[in-house]
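> With the sequence up front, the predicted model follows.
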Amino acid sequence: MSIVSTRTVTKMGGVLHRIKHSSTATQTDMIFSIFLPSVYAVGANKGPLPAIYWLSGLTCTDENFCQKAGPTAFAKADEEGVALIIPDTSPRGEGVPNDDGYDLGQGAGFYVDATQEPWATNFKMESYIKELTTVVEGKWNVGSQGTRSVCGHSMGGHGALTLALKSPSEWTSVSAFAPICHPTACPWGEKAFGAYLGSVDAGKDHDATELLSKAGSSVFDDIMIDEGTSDEFKDGQLKLSDFEATAEKVGQKLSVRRLQGHDHSYHTISTFIDDHIEFHAKRLRSAVGKVRVAEKDAAMAAVLSADTAGKPITCKAMVARGPKQPLTLEEITVDPPKAGEVRVKVMANALCHTDIYTLDGLDPEGLFPCILGHEAGCIVESVGEGVTTVKPGDKVIPCYTPQCNEAACIFCRSPKTNLCPTIRGTQGQGCMPDGTKRFKDKDGKDIYHFMGCSTMSEYTVLAEISCAKIADEAPLEKVCLFGCGISTGLGAVLNTCKVEPDSSVAVFGLGAVGLAVVQGAKMAGAKQIIGVDVNPAKFKMAQELGVTDCVNPKELDKPVQQYIAGTLTKWGVDYSFDCTGNTEVMRAALECSHRGWGTSCVIGVAASGHEISTRPFQLVTGRVWKGTAFGGYKSRTDVPRLVDQNLAGDLPIDHFITHTFAGVGETNKAIDALHSGDCLRAVVHYE
């Protein structure tokens, strides 16, 4: 196998490889293209990456799709986090038989295995597609464990339909543009089947209409087909109406669109390929979810087989021995959970600047030695007495803002806040709710807890009221981000400030939290989103997420608040958000908000002892200064909903993950990455 070419083809960093390899099926060298989305490049997927196979039509190679539909398709696939694999339509080269017609021989393999000479040796395209799935899965772990779908055009649409109908367990979903639906009843099919298989009748095993009729019932939940009303082949060659009649007879749902004015060309494909990728991505997410459930069950079986419930567990953890010191990898003991507590196995942990803030000695509540970490995805290992809301095997996200849900808790009962104080006192003291600790080092000395989470350990103990139970199919190495920063940024917009459509917004600080604010503002319908940062390298991602104006205060000849409220806008922005923790920036954010009704929200945590200030006149003239913690989300109620939105494809977060590491011992490398300036979130996958 060799790489013919490699190029970056999306703004987010998705890469297109053109690959040459030796095929056992065709006994020739074959070329295919594979698009790997940006999420693959940073290793954010611990499990299989879902894939869509595109099968091209007569005369085409892989390059036709890549050149004519690729820009649209690759951008959408990157957004959805799926790979695209584009094979050739036949074997080619010296010694490979051919025909003078465009509809037979090289460029016209029809996705069947030929049995007749001179085609039988090389023209094994059905077997080649199966071989290619094995090659792709083995090399890139793409489309494995049933997480692949198939789509195609014309002859490739025929191939997509027939391969999927013949082996529905191997394909999650199928769609097609202008497919040859009844090839045994059209000139293209009659010629191909007669030449490759010896008779038209032999082609019935490769005819979508015949295969569906033979199935006698629904095969897929839906099949999407687009055909142009101006397609010159629709009546004589494509025979979509035959397939529709059969589908109606057997109860197979079809989503057929007859596209007004569109023809058989790639213009139609490039115009509507987004819809097909979205159609498959939705179903592939469900397929990946099933894989995740199986993985979770396997992981839990391993945990339970260790028979650790009720016993201390020895494991690895990164211990912060003191401020401004590197974390040390140590073997610690984690005691069993007490009443109202939950012990969990940490599967993935994301680094947050709050961890670094404490490690740098800036946190007034920082206690040492401690185990940091509070943005994680976990599986429940065991529960203490009285725990009813989670059980062993459940997936949870630890939340530093708990939610007791007790009738007597005025904070949990109020829609105005998420600041449940039930365990606030002991949590701030680095203890569990009963005032004691569950961690001991090798010398038997206590180690403090951190923010009620301490997820830089392979196992940790949480209060039950700090556990947000999430869907089994959730990828913990991604949704762990909802444990802090991303939820905070989104919620600041959607909950704390309730930004309205057509509002103007300024975001100070374009790290992960700031970009989550940008994403939330875009979701809310803001018409102007101003991104402010002293690092211009952050502007590219910000613009992709919705920033309309980028401002570097270092390049201005006036205070940034005067530039925003005076140059970019007349009176200031409707909403501003500080995501820096710098008190001077907090003041600038307030003072650039709109006279009369501007609201400024403080998200960043300032260093110990720092105070905010402004002229009282700024408030007298109608501006509102407010703050947010965890974006106003009630943790156990709202975090599962955020995860569900992500699983449904409505709340993408993959773009926040820029670095990944394997093993808890790699946490210091993740910290270095976070300090580098080009890291949004570094996720450590625990082994």
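Great, that's in hand. Numbers count the residues shown, from 1 in each chain.
> Adjacent strands (with direction) for the helix or strand hosting Glu381?
Remark: Glu381 resides in strand 376-383, with elements defined by DSSP states H and E. In the sheet, strand 376-383 lines up against strand 341-350 (antiparallel), strand 395-398 (antiparallel) (DSSP bridges).
> any idea of the mean pLDDT in the longest one?
Regarding strand 341-350, the rounded mean pLDDT is 97.
> after that strand comes which helix or strand?
The helix or strand immediately downstream of strand 341-350 is helix 353-359, counting by DSSP H and E.
> re earlier: mean confidence (pLDDT) on the strand holding Glu381, please.
Along strand 376-383, the predicted confidence averages to a pLDDT of 96.
> ditto for stretch 447-459
97.
> what's the first-to-last distance across it?
14 Å (CA to CA, to the nearest Å).
> so how far is it off the chain centroid?
The chain centroid and the centroid of stretch 447-459 are separated by 26 Å under CA atoms, centre = their mean, to the nearest Å.
> So what does Thr8 have for phi and psi?
For Thr8, the backbone dihedrals are phi -80, psi 130 (criterion: degrees, to the nearest 10).
> send the alpha carbons of the strand holding Glu381 over as CSV?
Included here for strand 376-383 are C-alpha records, laid out as CSV according to Å, rounded to 0.1, in the frame of the first residue of the first chain:
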residue,chain,number,x,y,z
ALA,A,376,-14.2,13.3,33.1
GLY,A,377,-16.2,10.4,31.8
CYS,A,378,-16.6,7.5,34.2
ILE,A,379,-18.2,4.1,34.8
VAL,A,380,-19.7,3.3,38.2
GLU,A,381,-17.8,0.5,39.9
SER,A,382,-19.7,0.3,43.2
VAL,A,383,-22.1,2.4,45.3
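> Quickly note the distance from Thr358 to Val664.
Thr358 sits 18 Å away from Val664, taking CB to CB, to the nearest Å as the criterion. To be clear about C-beta, it is placed using only N, CA and C from the backbone, and glycine gets the same treatment.
> Glu365 too?
Spatial separation of Glu365 from Val664 under the definition CB to CB is 24 Å.
> which one of those two has more residues nearby?
Val664 (23 against 12; other CB atoms under 10 Å).
> my guess is Gly93 meets Thr28, correct?
Yes - between Gly93 and Thr28 there is a contact under CB atoms under 8 Å: 5.7 Å.
> between the two, which one's more packed in?
Neighbours were tallied for Gly93 and for Thr28 using other CB under 10 Å; the higher tally belongs to Thr28 (20 against 11).
> Wait, Lys234 touches Ala178, no?
Yes - distance between Lys234 and Ala178: 7.3 Å, which falls inside the contact criterion (CB under 8 Å).
> Thr354 - how many residues pack around it?
Under the neighbour criterion other CB under 10 Å, Thr354 is assigned a count of 24.
> try the one 5 residues further on
Neighbourhood size, Leu359 [other CB under 10 Å]: 22.
> OK, contacts around it?
Taking CB atoms under 8 Å, 6 or more residues apart in numbering, we find Leu359 in contact with 320, 323-325, 327, 372, 671.
> same deal with Thr89?
55-61, 107-109, 125, 155-156.
> Helix, strand, or coil at it?
For Thr89, the secondary-structure state derived from DSSP: H, G, I helix; E, B strand; the rest coil is coil.
> Phe193 is in contact with Leu104, correct?
No - Leu104 is not in contact with Phe193 according to CB under 8 Å; the separation is 10.6 Å.
> Just give me how far the helix or strand hosting Lys290 sits from the chain centre.
Under DSSP H and E, the secondary-structure element containing Lys290 is helix 266-305. Per CA atoms, centre = their mean, the displacement of helix 266-305 from the mean C-alpha position of its chain is 10 Å.
> Any buried residues in that helix, and which?
Neighbour-count burial for helix 266-305, with 16 or more other CB atoms under 10 Å as criterion, is recorded at 266, 268-274, 276-277, 279-281, 283-289, 291-292, 295-296, 299-300, 303.
> Also stretch 203-220?
Within stretch 203-220, the residues scored as buried using 16+ other CB under 10 Å are 203-204, 206-213, 219-220.
> C-alpha coordinates for that stretch, PDB please?
Backbone C-alpha positions of stretch 203-220 (Å, rounded to 0.1, in the frame of the first residue of the first chain) are rendered in PDB as follows:
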ATOM      1  CA  GLY A 203     -28.300 -10.600 -13.000                       C
ATOM      2  CA  LYS A 204     -31.400 -10.900 -10.800                       C
ATOM      3  CA  ASP A 205     -29.200 -11.600  -7.800                       C
ATOM      4  CA  HIS A 206     -27.700  -8.100  -8.500                       C
ATOM      5  CA  ASP A 207     -30.900  -6.200  -9.200                       C
ATOM      6  CA  ALA A 208     -32.300  -3.900  -6.400                       C
ATOM      7  CA  THR A 209     -35.900  -4.400  -7.400                       C
ATOM      8  CA  GLU A 210     -35.600  -8.200  -7.600                       C
ATOM      9  CA  LEU A 211     -33.700  -8.400  -4.300                       C
ATOM     10  CA  LEU A 212     -36.200  -6.300  -2.500                       C
ATOM     11  CA  SER A 213     -39.000  -8.400  -3.900                       C
ATOM     12  CA  LYS A 214     -37.200 -11.500  -2.800                       C
ATOM     13  CA  ALA A 215     -36.700 -10.100   0.700                       C
ATOM     14  CA  GLY A 216     -40.500  -9.800   1.000                       C
ATOM     15  CA  SER A 217     -40.400  -7.200   3.900                       C
ATOM     16  CA  SER A 218     -38.700  -4.000   5.000                       C
ATOM     17  CA  VAL A 219     -34.900  -4.300   5.100                       C
ATOM     18  CA  PHE A 220     -33.800  -0.800   6.300                       C
END
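> got any ranges where this protein has weak pLDDT?
By pLDDT under 70, the low-scoring segments of the chain are 43-47.
> list the contacts for the residue lying closest to Thr422 once chain neighbours are set aside?
Distances taken as CB to CB, 6 or more residues apart in numbering put Cys404 closest to Thr422, at 4.2 Å, once the chain neighbours are dropped. For Cys404, the set of contacting residues under the criterion of CB under 8 Å, 6+ apart consists of 412, 420, 422-423, 465.
> Save those residues as TSV, and put in secondary structure too.
Putting those into TSV (three-state DSSP) gives the following:
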residue	secondary structure
Cys412	helix
Cys420	coil
Thr422	coil
Ile423	coil
Ile465	helix
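> For the residues you listed, which two are the farthest from each other?
Maximum pairwise distance in these, criterion CB to CB, is 12.3 Å, between Cys412 and Ile423.
> more neighbours, these two?
Taking Cys412 and Ile423 together and counting by other CB under 10 Å, Cys412 has the greater number of neighbours (22 against 19).
> residue contacts, the more buried one?
403-406, 420, 634.
> 6 Å instead?
403-405, 420 (CB atoms under 6 Å, 6 or more residues apart in numbering).
> Repeat that for Gly485.
If a contact means CB under 6 Å, 6+ apart, then Gly485 has 352, 512-513 as its contacts.
> rerun at 10 Å
With contacts taken as CB atoms under 10 Å, 6 or more residues apart in numbering, Gly485 has the following neighbours: 350-354, 375, 511-516, 579, 603, 630-631, 656, 680-681.
> what does Cys378 give?
The neighbours of Cys378, taking CB under 10 Å, 6+ apart as the test, are 342-349, 394-398, 453, 455, 459-460, 462, 467, 470, 476, 480, 483, 686.
> Over to Val9?
Contacts of Val9 were listed using CB under 10 Å, 6+ apart, and they are 15-16, 35-36, 66, 70-71, 73-75, 77-78.
> how close does it get to Thr209?
Looking at Val9 against Thr209, where the rule is CB to CB, the gap reads 36 Å.
> just Gln145 next, same as before
The span separating Gln145 from Thr209 equals 31 Å under the rule CB to CB.
> Likewise for Gly143?
27 Å.
> Then Leu590?
Taken as CB to CB, the spacing of Leu590 relative to Thr209 amounts to 67 Å.
> what's the spacing between stretch 157-171 and its chain's center?
With CA atoms, centre = their mean as the basis, the mean position of stretch 157-171 lies at 27 Å from the chain mean.
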